[in-house]
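> starting from these lines, generate the structure:
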Amino acid sequence: MRFFVVGDVSVDLIYQVDRLPEPGEEVAARRMLYRPGGAAATVAAQLASLGHTVFLASRVGSGPLSAIALEGLKKAGVDLRYLQEDPEHPTTSVLVFLLPGGERSMVASVGASRHLDAAGFKPRVLDTMDAVIVSAYALVGGPQREYAVKAMAAAKKRGIPVFVDLGTGAVRQAGADLVPRLAPADYLLLNQSELLGLTGAGSISEGIAALREAGIERQVVKVGPLGAIVATPEEEALVEPFEVEEVVDTTGAGDAFTAGFVHGVMQGLPLVEAARIGNVAGALATTAVGAQGRLVRVEDLKAARSSAA
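Now for the predicted structure:
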């Protein structure tokens, strides 16, 4: 399959700490790492690792951080012909405080990704694509939003499925204003917190209903240790999680889930089965440090299915 992914590329500055500092306090980090990140970049790297041909449309700065940001993409074999270089803005970066057990807190500095030049998008590039995947961060603002909107419109015109991967930061920045921009999505992937924040609903069922009323009919809601909920006009089903022995870092788990889900859907699997693959991919991604520290392969999915049988 051939995928066109639109969104952010970043560098994650990861500080492994035992706890977060109080205001005015300093704590010592056990370790500090630079790692490639970004929601769209991680989805692209995971899809390429699963054997697909992946093209990424994004933008990086011209400084030394860009080399780190692109490490995982190059390793996975993502095609970067639609990557832009920004002479003015630095590569997007995220400061990650990684806590014991894999939970993390983050501070993002939006850089070049937000300035993806929409003039660089040519609709004809989608003529050979099987699907378009858009990170919702690309829909928040700046020239990047125009690029993403154009890509989704061109995909819809060609009958190409559109997957939109939501993100907590995107919801916090744009809130309910995101909803009409998500309407072209054939599949919307988000977690419980994002669903409630986006819709203002008091429950998952209310949130799903609100998005369905807005025209978004196929939703996959990740509910943490409970797994994921597949919600369509025809069915609503809870898909059990996949357990791993030790969670090291949850950064990028949602993006790996998206890649696994897209992989399953585009192979013609039922959505519940595709979500099950997403759960496996997301869980395996938590077993290494960094958003792209654990790239999932088809062999991993087969092994996981065998162990669960």
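> count the neighbours of Asp18 for me.
10 (other CB atoms under 10 Å). Quick note: C-beta positions are derived from backbone N, CA and C, even for glycine.
> check contacts around it.
Residues in contact with Asp18 (CB atoms under 8 Å, 6 or more residues apart in numbering) are Val27, Arg30, Leu99, Pro100.
> can you give me the strands for the stretch 201-309 of the chain?
With strands called from DSSP state E, counting those that start in this stretch, the stretch 201-309 of the chain shows them at 219-222, 228-231, 236-239.
> let me have those in a markdown table, extended by distance to Ser306.
As requested, the strands of the stretch 201-309 of the chain are exported to a markdown table (distance: least, CB to CB, whole Å):
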| stretch | distance to Ser306 |
| --- | --- |
| strand 219-222 | 24 |
| strand 228-231 | 21 |
| strand 236-239 | 18 |
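> and the longest strand for this protein?
strand 53-61 (DSSP state E).
> what's the first helix or strand after it?
helix 65-69 (DSSP states H and E).
> restricting to C-alpha, output that following helix in PDB.
Only the C-alpha atoms of helix 65-69 are listed here, as PDB (Å, rounded to 0.1, in the frame of the first residue of the first chain):
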ATOM      1  CA  LEU A  65      18.000  19.200  15.100                       C
ATOM      2  CA  SER A  66      16.600  18.300  11.700                       C
ATOM      3  CA  ALA A  67      19.100  15.400  11.400                       C
ATOM      4  CA  ILE A  68      17.900  14.000  14.700                       C
ATOM      5  CA  ALA A  69      14.200  14.500  13.800                       C
END
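> now the strands for the stretch 1-150 of the chain?
2-6, 10-16, 31-37, 53-61, 83-86, 92-98, 104-109, 131-135.
> neighbouring strands - and their directions - for the shortest one?
This means strand 83-86. Note on strand 83-86: by DSSP bridges, its sheet partners are strand 53-61 (parallel).
> list the contacts of Ala153.
Pro184.
> try 10 Å this time
Residues near Ala153 by CB atoms under 10 Å, 6 or more residues apart in numbering: Pro123, Val162, Pro184.
> I'm done for today, thanks for sticking with me.
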